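**Q** Next comes the sequence, and after it the predicted model I'd like to discuss.
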Amino acid sequence: MAHRNEVWITGVGLVSSLGADAREHAEKLFLSGSGVVPIIDETRYSPYPVHPLVPLDFSSQISRKSDQKQMELWQRIGVYAAGLALSDAGIAGDAALLDRTDLVVAAGSGERDTKVDCEVLERLGSREDAALLAKEVLPSALRPTLFLAQLSNMLAGNISIVHNVTGSSRTFMGEEMAGLAAIENAFRRIQAGQADRILVGGALNAEREDLLLGYEIGHNLWRGPHRLVWERCDEGGGFIPGSVGAFVVLEARAHAEDRSAKPYARIAAVETDRASRAPGQTVQALMQLFARLNAGSNPSGPLLALSGASGVEPASGEELVFLASLAVQNPEITVRAYGSLLGHSVEAHFPLGIALAALALEQGSAPPPFGQSDIERPFSGSVQHVLVTGVGHWRGEGLALLQAIE
């Protein structure tokens, strides 16, 4: 990597069930000196637990009520987190910098209008002409998007409008793979000298009946009381959704130094893949990704691995096999499955891992183990290297290596 095009993280915007900004997360995860209790709502959507979003004053980042009103919650979460990242990087309000800030977003298909869905289903119970019924209901019930779900690129559009980010814009769809692709795309464009500065991330509103229904149909959700990620693997698997907004500002080192921006960390490498998920192929894909990652970066000594495991089987069990094999090769590897504490945030999950890795490297410490597990051992010493894993519940694998900056 050319020295000037090292990829630095200069801003972090993070909201979840644990806190309303990156500082709150750093204080609870790295500075409290004790274990963190996850925030869980086990009653509202019983039997499915969720990690609810912490109360937010959206007006602090989205000043106009009219803008807030036309966004569903997943968009407000994303726009809020994006604003935090821009402010943290010292870019917010600077028209000259915002004009050349590119945007990469990982998004789902948007929130469905459950009221319209319910109206169609209720009326369908007494009629057989479903096609004619849809033609009667939808024209008067749908919003101007002419779609039952908000369009995925509306999140990027609202970030551009609210925060005046007017560089290029790209939106990736495809569940966890969207988050992997968004980070990799932003990283490689800066590394290649094609961009100076990119705002990248995603958002998920987990507190949605339509989202829970969709994932339950695929047998992906965990039922019953909260369990840690690795515990769920032994009991049939399943993920617990978590509401999250996670954005980071990636910046070329030369550009960051020119404006005296303080970095959190550098991203040394990002590698992604899409295995067909035949038995054993997830392990094989992760091994190959780690070999490619290690060839260019060669991390040595203590290594913190922030696992994005969802808890869905067999993917999470195979990731655990991969992590255990790394621990055999290097006894100084320590694992933390951050989904145990924050839930699984699908498109936003890998950006969330990148944001947490940046905070860990800034603090030079690891969070305490999330529960009792052979793989999550206490960490001693200063965190200098962080491996972030992303294994989709259905498709998509990726690894990123982040390093401390002297």
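**A** Done, it's in.
**Q** Surely residue 399 is within a strand?
**A** Yes: counting by DSSP: H, G, I helix; E, B strand; the rest coil, residue 399 falls inside a strand.
**Q** Quick check: which ranges of this structure have low pLDDT?
**A** Applying pLDDT under 70 to the chain picks out residues 1-2, 33, 130, 134, 142-150, 296-300.
**Q** For residue 207, which three-state class applies?
**A** coil.
**Q** cool, and residue 12?
**A** Per three-state DSSP, residue 12 ends up strand.
**Q** Relative to residue 360, how far out is it?
**A** Residue 12 is 11 Å from residue 360, where distance means Cβ to Cβ, to the nearest Å. Using the backbone N, CA and C atoms, a C-beta is placed for each residue, glycine as well.
**Q** can you give me the helices for the stretch 201-350 of the chain?
**A** 209-217, 229-233, 253-258, 281-297, 315-329, 339-342, 349-363 (DSSP state H, counting those that start in this stretch).
**Q** Including distance to residue 151 and mean neighbour count, could those go into CSV?
**A** Output for these, formatted as CSV (distance: least, Cβ to Cβ, whole Å; neighbours: other Cβ atoms under 10 Å):
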stretch, distance to residue 151, mean neighbour count
helix 209-217, 15, 16
helix 229-233, 32, 24
helix 253-258, 32, 17
helix 281-297, 31, 17
helix 315-329, 29, 19
helix 339-342, 27, 27
helix 349-363, 20, 28
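**Q** just so I know, which of these lies nearest residue 61?
**A** Nearest to residue 61 among the helices of the stretch 201-350 of the chain is helix 349-363 (16.3 Å), distances taken as Cβ to Cβ.
**Q** send the alpha carbons of the helix or strand following the closest one over as PDB?
**A** Toward the C-terminus, helix 349-363 is succeeded by strand 385-391 as the next helix or strand (DSSP states H and E). What follows is strand 385-391 as a C-alpha-only set of coordinates in PDB (Å, rounded to 0.1, in the frame of the first residue of the first chain):
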ATOM      1  CA  HIS A 385      -4.200  -5.500  15.800                       C
ATOM      2  CA  VAL A 386      -7.900  -6.300  15.500                       C
ATOM      3  CA  LEU A 387      -9.400  -8.900  13.100                       C
ATOM      4  CA  VAL A 388     -13.100  -8.300  12.300                       C
ATOM      5  CA  THR A 389     -15.100 -11.200  10.900                       C
ATOM      6  CA  GLY A 390     -18.300 -11.100   9.000                       C
ATOM      7  CA  VAL A 391     -20.100 -14.300   8.200                       C
END
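**Q** shift numbering so it begins at 26
**A** Yep, numbering from 26; the last one is strand 410-416 now.
**Q** Measure how strand 410-416 sits relative to helix 306-322, angle-wise.
**A** Strand 410-416 runs at 150 degrees relative to helix 306-322, counting by axes from the mean of the first three to the mean of the last three Cα atoms, to 10 degrees.
**Q** Let me have the helices of the stretch 226-375 of the chain in a markdown table, extended by distance to residue 75.
**A** Below are the helices of the stretch 226-375 of the chain laid out as a markdown table (distance: least, Cβ to Cβ, whole Å):
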| stretch | distance to residue 75 |
| --- | --- |
| helix 234-242 | 8 |
| helix 254-258 | 15 |
| helix 278-283 | 37 |
| helix 306-322 | 26 |
| helix 340-354 | 18 |
| helix 364-367 | 11 |
| helix 374-388 | 15 |
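**Q** which ones are touching residue 234?
**A** Counting by Cβ atoms under 8 Å, 6 or more residues apart in numbering, residue 234 makes contact with 70, 139.
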